[in-house]
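Student: Need a 3D model of the sequence below.
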Amino acid sequence: MSTVTSESTALRAVVVAHRDALEQILERYGATNPRLFGSVARGDATADSDVDLLVDLLPDLGNPLLRVAGMGEELSDVFGRRVDVVTPTLLRAEVSSTALSDAVPV
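Tutor: Okay, here's the model as predicted:
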């Protein structure tokens, strides 16, 4: 069993502390099912790590790229750390399987 870094624990705590804001932002952009993936989900985040968030988008609510970019910008402001928001369809194939296996519900 590997050790979870203090940075991972701290970043997860930031997400939990701002859950209401996260839910409001996701609702505004028509996003559901938020999952952490990447270094925070794996527990090996460092001081320079960002927060990677995988979401599902409701269809027909505008350009998906603009929506994920807007969510990322707003969440970065809320969390005080860069947040990358992606959907399963926007992930590169080689990243997708790893991201999906790392993903933990928020």
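
Student: next SSE after the helix or strand of the chain with the lowest mean pLDDT?
Tutor: Least confident helix or strand, the chain: helix 93-102 with a mean of 66, by mean pLDDT, DSSP states H and E. Where DSSP states H and E defines the elements, the next helix or strand beyond helix 93-102 is strand 104-105.

Student: Tell me which residues are up against that next one.
Tutor: Applying C-beta atoms under 8 Å, 6 or more residues apart in numbering, the external contacts of strand 104-105 come out as Asn33, Pro34, Arg35, Leu36, Phe37, Ala41. Glycine gets a C-beta too; all of them are placed from N, C-alpha and C.

Student: List just the nearest of these to Val85.
Tutor: Pro34 (8.8 Å; C-beta to C-beta).

Student: where do the strands sit along the protein?
Tutor: 31-37, 51-57, 83-86, 104-105 (DSSP state E).

Student: Next up, the contacts around Pro59.
Tutor: Applying C-beta under 8 Å, 6+ apart, no residues contact Pro59.

Student: try 10 Å
Tutor: Pro59 sits next to Gly30 when contact means C-beta atoms under 10 Å, 6 or more residues apart in numbering.

Student: cool, Arg92 as well?
Tutor: For Arg92, the contact set (C-beta under 10 Å, 6+ apart) comprises Val86, Ala99.
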